[in-house]
Structures are given as structure tokens and as C-alpha cells.
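1. sequence unavailable; structure follows:
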């Protein structure tokens, strides 16, 4: 599965993300067995608080351990994807 497919399987539909067309085409295209998904609240636009979701491929290193694919390594653009989702307002 790709990082994008893992993200969709976790319930984050990229088509419903804020400005899905701004997500780089190569982002999240790396094949992997597992991903690390981090969620956080942020303001990608100054008008609205959103839920940020970053999924990063987990890779095996030469020492045998597994860790998230590092930023800056070749292929890091395909190893992770970040998307922002509108937060549903609770009815009062």
C-alpha cells in the first residue's frame, strides 16, 4: 500500500481535505507496509482552525530497526503527505 492508501484506510479521505488540489502529486506515493500518522490542530488559513494530518512511511534501517522516513532523504517527498481537514462543529 502507498502512504496515501494507508491514510485513506485510516479514515482520512484526501478528496475531502482543505484544498486537495494543492497537495503535491508525488506526496504519499511511496509503497510501505506501515505508516506513522500524527494529528494536530492548526490554522493553515488565518480564518479557521483545522485538523492537520501527517502520514509518513515507516522504513527499515540497516541496523534492523524501523523508524519514519526522514525529511530531506531522497524520496522524502513521496514518503509523507500532510493534509488539512475542517473540524466539525459540535451542536450546542
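-> Sure thing, it's come through. Please read all numbers here as calculations on a predicted model, not as lab measurements.

2. mind checking how far the longest helix along the chain is from the chain centre?
-> Counting by DSSP state H, the longest helix found in the chain is helix 3-9. Centroid separation for helix 3-9 versus its chain: 8 Å, with CA atoms, centre = their mean, to the nearest Å.

3. what mean pLDDT does that helix get?
-> Per-residue pLDDT over helix 3-9 has a mean of 96.

4. show me what the next helix or strand after it is packed against.
-> Later in the chain than helix 3-9, the nearest helix or strand by DSSP states H and E is strand 35-45. When contacts are defined as 3 or more CB pairs under 8 Å, 6 or more residues apart in numbering; DSSP states H and E, strand 35-45 sits against helix 3-9, strand 48-60. Placement of C-beta: from N, CA and C, glycine included.

5. between the longest one and strand 35-45, how many degrees?
-> Right, strand 48-60. 150 degrees (axes from the mean of the first three to the mean of the last three CA atoms, to 10 degrees).

6. against which helices or strands is strand 48-60 packed?
-> helix 3-9, strand 35-45, strand 66-68, helix 76-79, strand 80-86.

7. same thing but at 7 Å, please
-> helix 3-9, strand 35-45, strand 66-68, strand 80-86 (3 or more CB pairs under 7 Å, 6 or more residues apart in numbering; DSSP states H and E).

8. mean confidence (pLDDT) on that strand, please.
-> Computed over strand 48-60, the average pLDDT equals 94.

9. run the chain-centre distance for it.
-> The answer for strand 48-60 is 3 Å, by CA atoms, centre = their mean.

10. does residue 51 have beta-bridge partners, and which?
-> residue 41, residue 85 (DSSP bridges).

11. residue 3 reaches residue 34, doesn't it?
-> No. Using CB atoms under 7 Å as the test, residue 3 is too far from residue 34 to be in contact (10.0 Å).
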